[in-house]
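Undergrad: Structural data only, the sequence is not supplied:
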C-alpha cells in the first residue's frame, strides 16, 4: 500500500475535489460566530482597511522620523560628552532621555484640537535649546563655574516641565471636550 501512495503524482494526491462555491461565505459566517464581530475580507480590501493602512503607514513614517531624530541627536550629544565631565555627561543623558520620552508622549497626543498647544511647546523647546547651546559655550570657557553647571541643569529641567505642562494642558482640554460632548448628549 505504501508503494501505491508514492506512485500517485503529487498534484493528484492533494487535489481530491473542488471546494463548493459558497465555501468562503460559510467560513466567514463561522468566524463571525466565533469572534462575535465583523470579519475582514482578505480578498477584497474595504475602504476601512485602506484607511487603516494609510493611518498605519503615517504612524510608521512618524516613528521612523522620531527614531532618526533620536539617532542623529544621540550622535551630536556624544560629541558634546567628550567636552563634559563624566558626572555631568551622565546627568545630561538622564535629562535628555527624559525630554525625549516626554516629547514622544506629547506627540502621541497630536490632534487638530491640540495642535496649537504642541506647536507652542515645540517653539519654547527650540528657544530653550538655543539658550542651552549658549550655556555650553560658556561652560567650555568657564567649566569650573558652578553657576554655569546649574544653568545647564536648570535648562534641562525647564524643558521637562514645559513638556509635562503641555501634556497636562492637553489632557485637561480633552477632558473638558469629553465633558461638553457628554452634556450635549
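TA: Received, thanks. Quick caveat: nothing in here was measured; it's all calculated off a predicted structure.
Undergrad: Can you report phi and psi for residue 163?
TA: With angles defined as degrees, to the nearest 10, residue 163 sits at phi -70, psi -40.
Undergrad: residues in contact with the residue nearest to it when sequence neighbours are not counted?
TA: Once flanking residues are discounted, residue 163 sits nearest to residue 102: 3.6 Å by C-beta to C-beta, 6 or more residues apart in numbering. C-beta: built from backbone N, CA, C; applies to glycine. With contacts defined as C-beta atoms under 8 Å, 6 or more residues apart in numbering, the neighbours of residue 102 are 160, 163, 164, 167.
Undergrad: Might one say that the last one is in contact with residue 109?
TA: Yes. Using C-beta atoms under 8 Å as the test, residue 167 is close enough to residue 109 to be in contact (6.6 Å).
Undergrad: Report all helices and strands that the helix or strand harbouring residue 182 contacts.
TA: Using DSSP states H and E, residue 182 sits in helix 146-184. Helices and strands touching helix 146-184, by 3 or more C-beta pairs under 8 Å, 6 or more residues apart in numbering; DSSP states H and E, are helix 86-108, helix 115-141.
Undergrad: and it, how far from the chain's centre?
TA: Here the centre of helix 146-184 is set off from its chain's centre by 18 Å, with C-alpha atoms, centre = their mean, to the nearest Å.
Undergrad: relative to helix 115-141, how tilted is it?
TA: 170 degrees (axes from the mean of the first three to the mean of the last three C-alpha atoms, to 10 degrees).
Undergrad: what's the domain layout of this structure?
TA: Annotated domains of the chain cover 41-82, 85-184 [automatic domain parsing].
Undergrad: Out of those, which is the most enclosed?
TA: Across the domains of the chain, averaging neighbours per residue (mean count of other C-beta atoms under 10 Å) puts domain 85-184 on top, at a mean of 14.
Undergrad: related to what we said a few turns ago, now the two most distant members of the contacts of residue 102.
TA: Farthest apart among these by C-beta to C-beta are 160 and 167. That separation is 10.8 Å.
Undergrad: Quick check: which ranges of the chain have low pLDDT?
TA: Residues of the chain that meet the criterion pLDDT under 70 lie in 1-17, 34-51, 73-84, 185.
Undergrad: residues in contact with the residue positioned nearest the centre of it?
TA: In the chain, the residue lying closest to the centroid (C-alpha atoms, centre = their mean) is residue 63, at 5.1 Å. With contacts defined as C-beta under 8 Å, 6+ apart, residue 63 has no neighbours.
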